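A.B. asks: Generate a structure from the sequence data that follows.
(2 chains, ligands or ions: 2)
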Amino acid sequence: MTTKPLLKITDLSIAFRDRKLIQHLNLTVQPGEFLAIIGENGVGKTTLIRTVTGQRKPEGGTIQFDVPAKKMRFGYVPQFRNISEEYPLSMRDFVELNLLHLRPWLTKKEHQRVTNVLTEVGIENIDNTSMGQASGGEKQKAYLAQAIVNEPRLLILDESTASLDVEAKNELMGLVKKLNQQDGLTVLFITHDLPLAKKYADQFLLIRRNGQYEEKPIDQLDTTQDIQ
Amino acid sequence: MFAWDFMQNAFIASTFIAITCGLVGVYVIAQRMSFLSHTLSEIGFAGAAFGLFTGIAPLDGMLLFTIGSSIFVGRLGTDESQRESSISAVSSLFIGLGILFLSLSNKSASYATNILFGSIIGISLQDVYQLVVLSALILISILLVYRYLNFYSYDPIGAQSQRLKTGFLSIYFLLILAVTVSIAAQIVGSLLVFILLTLPASVAQYLGNSIQKMIGISIGCALVGVWTGLYLGYLTNWPVTFFIALIEFLFYAGAYLYHRHSMH
Ligand SMILES: Nc1ncnc2c1ncn2[C@@H]1O[C@H](COP(=O)(O)OP(=O)(O)O)[C@@H](O)[C@H]1O
Ligand SMILES: [Mg+2]
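C.D. replies: Ligands and ions are numbered 1, 2, ... in the order given. Sure thing, here's the model as predicted:
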């Protein structure tokens, strides 16, 4: 491709004190790409994402977007959320949290935008249900809606399907694929579910426990391998 | 009852304080800081006693101590494993200090009762001004960061992943909490600030499912509590704090039962 990459990672190293995770990673992500980031628990997938989004500094190397990092609009569904059964906010209010500005109230246009994303992910009919009472799949849809309410260019999903049954998994991934294909949203999808990655992604980045990695088109992913 | 200046003063002061506590309480509950706000008020007790001892106004002593310690106390609150024991240790130290200052100040026991259990009736016009200004300051401070504080309080992990300045918001809110605890203690006393700070907000959490609704319910419960409490205190000469506590308890019990019922 000749377009400018949306994300360019050069010689990136990530470590916690003496524990080395990722070493000398080079990676480019094109606009509209659907990249699966695969690896066993503990290889540093979440830490890689936290580094890419600027929540922590890399131990070496650089991360560049096609716009200044501060201006990069991204939506990020983190791996763990602590939403208890008693959590009061409705699905709609939960999505609205991500509309940030000094003005305390929302405009009509913003309310409409929230309605639109709720419809897009298919929870507009239960928008008044509190998050604490929603099912696992419905919660993930609300997380997704919250992440895309600002019309991001990059969507990052960290193990969003891990706790879902097969049906809910495919429903969520279908939504993400639709956003990817229709709106050209670039997707980074972290998982250790190889068949699921193969079904939806275009490219994969496989990180191994020893810090080695490979990046290839998804049809070269061997879903029967042991990814240790 | 409003023929009396002291009742007018009490009414104005408690109206502002109730609005402030109702609002701030919603965030205290969302951030699970009830325990921590209780500790802050015990530190405030030591501050008020220190005020009596050194001759500065008890409210100023309280503000000094709560603001001074708030960030340190907030730190304690974040270390999950040692949270309860370390906070209890700090509480014990400050209650001890409070008792020391009270005894050194050689004032009559009624001063101690007022600090611990509240004394809204008999508040001076000067104090009313100070409380109104402090309340207004808190309300404005929250309005300035309203949407950011909402995200941080109701979805801290999401807020952090969208690069919100959560460290700043945490300290900012701790300072707001310190001032709120100090002014709440002027009505219900430093040992009972949760009556206004956490009970109305807990009711709101049971009944509301949006932040706006919860703020409305919480402020409403706090206002009804202090107004009715003042009125019944005026009629009966029993302590206002007792009536406020009773009313907030009834609200809480009602909301709790309703919540349980509607869940199952
Ligand atoms: N803040 C931290 N301090 C020290 N070690 C950490 C920290 N965060 C993660 N780690 C360690 O880094 C490794 C990779 O973690 P993580 O990125 O969460 O892995 P993954 O998402 O691939 O399961 C783990 O061994 C984890 O214990
Ligand atoms: Mg992870």
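A.B. asks: any idea what sits nearest residue A:82, other than its immediate chain neighbours?
C.D. replies: Residue nearest to residue A:82 in three dimensions, not counting chain neighbours: residue B:157, with 7.1 Å by Cβ to Cβ, 6 or more residues apart in numbering or on different chains. The way it works is simple: take the backbone N, C-alpha and C, and place the C-beta from them, glycine included.
A.B. asks: Thought residue A:83 was touching the one you found, still the case?
C.D. replies: No - if you go by Cβ atoms under 8 Å, residue B:157 and residue A:83 don't touch, sitting 9.5 Å apart.
A.B. asks: before we move on, back to that, how many residues are close by the residue nearest to residue A:82?
C.D. replies: 14 (other Cβ atoms under 10 Å in any protein chain shown).
A.B. asks: what's the pLDDT at it?
C.D. replies: According to the prediction, residue B:157 has pLDDT 95.
A.B. asks: just residue B:6 next, same as before
C.D. replies: For residue B:6, the predicted pLDDT is 81.
A.B. asks: Could you point out the longest helix of chain A?
C.D. replies: helix A:166-182 (DSSP state H).
A.B. asks: Helix or strand for residue B:160, just tell me which one.
C.D. replies: According to DSSP states H and E, residue B:160 maps onto helix B:156-161.
A.B. asks: If you count contacts, what does whichever helix or strand comes after that helix end up packed against?
C.D. replies: Counting by DSSP H and E, the next helix or strand C-terminal to helix B:156-161 is helix B:166-188. Judged by 3 or more Cβ pairs under 8 Å, 6 or more residues apart in numbering or on different chains; DSSP states H and E, the packing partners of helix B:166-188 are helix B:5-30, helix B:34-54, helix B:58-78, helix B:125-144, helix B:146-154, helix B:156-161, helix B:194-197, helix B:240-263.
A.B. asks: Could you see whether chain B lies near stretch A:135-155?
C.D. replies: Yes - Stretch A:135-155 is in contact with chain B by Cβ under 8 Å from any Cβ of the partner chain, via A:143, A:146.
A.B. asks: Now do that stretch: distance to the chain's middle.
C.D. replies: 9 Å (Cα atoms, centre = their mean, to the nearest Å).
A.B. asks: what do you get for stretch A:215-228?
C.D. replies: Worked out by Cα atoms, centre = their mean, stretch A:215-228 lies 20 Å from the chain centre.
A.B. asks: and the residue of chain B nearest ligand 1?
C.D. replies: residue B:160 (12.7 Å; Cβ to the nearest ligand atom).
A.B. asks: Go ahead and confirm that residue touches residue A:54.
C.D. replies: No - Residue B:160 is beyond contact range of residue A:54, at 11.3 Å (criterion: Cβ under 8 Å).
A.B. asks: Between the two, tell me which one has more neighbours.
C.D. replies: residue B:160 (19 against 14).
A.B. asks: Excluding chain neighbours, what is closest to that one?
C.D. replies: Nearest to residue B:160 is residue B:166, by Cβ to Cβ, 6+ apart, at 5.2 Å.
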